[in-house]
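S.K.: Predicted coordinates and the sequence they were generated for:
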Amino acid sequence: MSTVTYAVEGMTCNHCVAAVTREVGGLTGVENVAVDLPAGRIVVTGDAAEADVAGAVAEAGYTLTGRA
């Protein structure tokens, strides 16, 4: 299991936090998702592939711009 921090563009409010947490947290292998709204980052703990995390973030309506 690993912990990876990603930069995410477009998150501005608590609704954004909930949407990203729900989508990324629903991925197989994800143990925990922590969203840092002011920094525009998410910290994902588990075994999800970066492409899967990017897809989940996009499904929530935001853009994963890479590792932070």
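M.R.: Received, thanks. Numbers count the residues shown, from 1 in each chain.
S.K.: Quick one: the helices in this protein, in order.
M.R.: 14-25, 50-60 (DSSP state H).
S.K.: What are the buried residues along the longest one?
M.R.: Meaning helix 14-25. For helix 14-25, the buried set under the neighbour-count rule, 16 or more other Cβ atoms under 10 Å, comprises 16, 17, 19, 20, 21, 23, 24. (C-beta placed from N, C-alpha, C; glycine too.)
S.K.: Next, count neighbours for residue 45.
M.R.: A count of nearby residues for residue 45, using other Cβ atoms under 10 Å, gives 15.
S.K.: Now for it: which residues touch it?
M.R.: The neighbours of residue 45, taking Cβ atoms under 8 Å, 6 or more residues apart in numbering as the test, are 1, 2, 3, 30, 31, 32, 33.
S.K.: do you know how far it is from residue 4?
M.R.: 8 Å (Cβ to Cβ, to the nearest Å).
S.K.: which one is residue 32 nearest to, not counting chain neighbours?
M.R.: residue 45 (4.3 Å; Cβ to Cβ, 6 or more residues apart in numbering).
S.K.: which residues does the one you found form a beta bridge with?
M.R.: residue 3, residue 32 (DSSP bridges).
S.K.: now the residue nearest to residue 12 when sequence neighbours are not counted: how far from residue 18?
M.R.: Excluding its sequence neighbours, the residue lying closest to residue 12 (Cβ to Cβ, 6+ apart) is residue 37, at 7.8 Å. From residue 37 over to residue 18 the distance is 11 Å, taken as Cβ to Cβ.
S.K.: for residue 37, what are its contacts?
M.R.: 11, 12, 13, 14, 16, 17.
S.K.: That should have said residue 29, apologies.
M.R.: 46, 47, 48.
S.K.: Could you dump those residues into a markdown table and include pLDDT, neighbour count and distance to residue 62?
M.R.: Shown next, in a markdown table, are the contacts of residue 29 (pLDDT from 0 to 100; neighbours: other Cβ atoms under 10 Å; distance: Cβ to Cβ, whole Å):
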| residue | pLDDT | neighbour count | distance to residue 62 |
| --- | --- | --- | --- |
| 46 | 98 | 18 | 19 |
| 47 | 96 | 13 | 22 |
| 48 | 95 | 21 | 16 |
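S.K.: Fine, thanks again, bye for now.
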